[in-house]
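A.B. asks: I'll drop the sequence and a predicted model, then ask my questions.
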Amino acid sequence: AGDSGQCRRRLHPHSSMAGVEEFTCRWVGEFGCRSGFKVEILARDDQSSPDRQSNLAAELINKENIDLMLAQVAIGPNASQQCELNGVPCLSTVGPWQAWMFPLKGDPAKGFKSVFHFFWGLEDIADVYLDIWQGVPSNKVIGAAFSNDVPGNAMGDMKLGMLAAFAKAGYKIVDIGRFPVGADDFSSYIQAFKKENVEIVTGLFNPPEWASFVKQSAQMGFKPKAATVAKALLFPGGVAALGPRADGMSTEIWWTPAYPFKSSLTGQTATQLANAYRAAAKREWTQPMGVVHALFEAGIQALKASGDPKDPIKVANALRVMKHDTIIGKLDFTSSGIKNVSKMRVVGGQWRILNGGKPELFITNNKTAPEIPVQRKFELLALA
């Protein structure tokens, strides 16, 4: 494009959104001229299928000639894999960096040519959970239950995962193995936890799985002092479905309206973004919302900083050195110590069932990110 020319730039968010959106951004190009560029966003739904994700990514790369892929890797890094094979820049999130890098057979000291990722690592979540539990008067016996999938196996690994950090901190681990995704019978876990006098429960569950665990724990008289689990407590709807027993359940926090950061795209504070979402969608905000918003912030910034968004090497190099303030805090791909990875802020929180029975998430522990203020003191499970 010339000084005032319009160019179409294709930016693909590989996520569970549908439709095509367009907007215009402006930046200073490599020649110093200020040009307007039209960004076309092609959205595809992978339907939580790794094979479908891979096929869609290949189609977007080969048929749509996209310039940048934005992806979520909760079910695996298949979109990133296709991009690395084809030399297309990709930025992904929503998955521990280990569950992204190692399935791609990457080396943290070497990284990749075209693909990048931001999120927390297992070491960060272990630190958050230990920060939460340091205030729990317990016998330091943990019951662990992790799903048998990529993130569950990574998090539950006794040598490299979270459990290794817990054991190093002096906790006894009760772990009878992985449960299949979609499981609805956790009686064997609960029996083992009761037998070993478990007072703290942790693991990785989908919301329906956790609901089954909670229901069966009540039926079997299992009452831990703390339940700190990943994934299952992300969404208000899933927490509300647990009823009064959800009061006091704890988890890592990816993002909330209480975060003291602003969007680089809209200038909105975290609170303003959440309020705008409530008004537009007629539903509650969720933690992943802030992270996905930051994905678009970083994607647009990479196109702007590249000087030439049609050049995949320049876009990748812009991501490689990116330091950018977003709605979830600063992303910095130069300081994590892991090539092609930026860490994101993560703190500890607790769901409380307060006025009218509506679940509310509060930040209770911030040792891992002191710039994010604590809102309430951590308390034991209400029905412990």
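C.D. replies: Yes, it's here.
A.B. asks: So residue 38 lies in a helix, does it not?
C.D. replies: No: read with DSSP: H, G, I helix; E, B strand; the rest coil, residue 38 is strand and lies in no helix.
A.B. asks: Please put the alpha-carbon coordinates of the longest helix belonging to the chain into PDB.
C.D. replies: Assignment by DSSP state H gives helix 287-306 as the longest helix of the chain. Provided in PDB are the C-alpha atoms of helix 287-306 (Å, rounded to 0.1, in the frame of the first residue of the first chain):
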ATOM      1  CA  GLN A 287     -11.800 -15.600  32.900                       C
ATOM      2  CA  PRO A 288     -10.800 -16.700  29.400                       C
ATOM      3  CA  MET A 289     -12.500 -13.600  27.900                       C
ATOM      4  CA  GLY A 290      -9.600 -11.400  29.100                       C
ATOM      5  CA  VAL A 291      -7.000 -13.800  27.800                       C
ATOM      6  CA  VAL A 292      -8.600 -14.100  24.400                       C
ATOM      7  CA  HIS A 293      -8.900 -10.300  24.200                       C
ATOM      8  CA  ALA A 294      -5.200 -10.100  24.900                       C
ATOM      9  CA  LEU A 295      -4.600 -12.600  22.100                       C
ATOM     10  CA  PHE A 296      -6.100 -10.100  19.700                       C
ATOM     11  CA  GLU A 297      -4.200  -7.200  21.300                       C
ATOM     12  CA  ALA A 298      -0.900  -9.100  20.700                       C
ATOM     13  CA  GLY A 299      -1.900 -10.200  17.200                       C
ATOM     14  CA  ILE A 300      -2.700  -6.700  16.100                       C
ATOM     15  CA  GLN A 301       0.500  -5.400  17.700                       C
ATOM     16  CA  ALA A 302       2.600  -7.900  15.900                       C
ATOM     17  CA  LEU A 303       1.100  -6.800  12.500                       C
ATOM     18  CA  LYS A 304       1.700  -3.100  13.400                       C
ATOM     19  CA  ALA A 305       5.200  -3.700  14.700                       C
ATOM     20  CA  SER A 306       6.300  -5.800  11.700                       C
END
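A.B. asks: Could you find the closest non-adjacent residue to residue 275?
C.D. replies: residue 257 (7.6 Å; CB to CB, 6 or more residues apart in numbering). C-beta: built from backbone N, CA, C; applies to glycine.
A.B. asks: Is it correct that the one you found is in contact with residue 274?
C.D. replies: Yes: assessed by CB atoms under 8 Å, residue 257 is found in contact with residue 274 at 3.9 Å.
A.B. asks: Between the two, which contacts overlap?
C.D. replies: Listed contacts common to residue 257 and residue 274 are residue 285; contacts here mean CB atoms under 8 Å, 6 or more residues apart in numbering.
A.B. asks: Counting neighbours, go ahead and name the busier of the two.
C.D. replies: residue 274 (22 against 17; other CB atoms under 10 Å).
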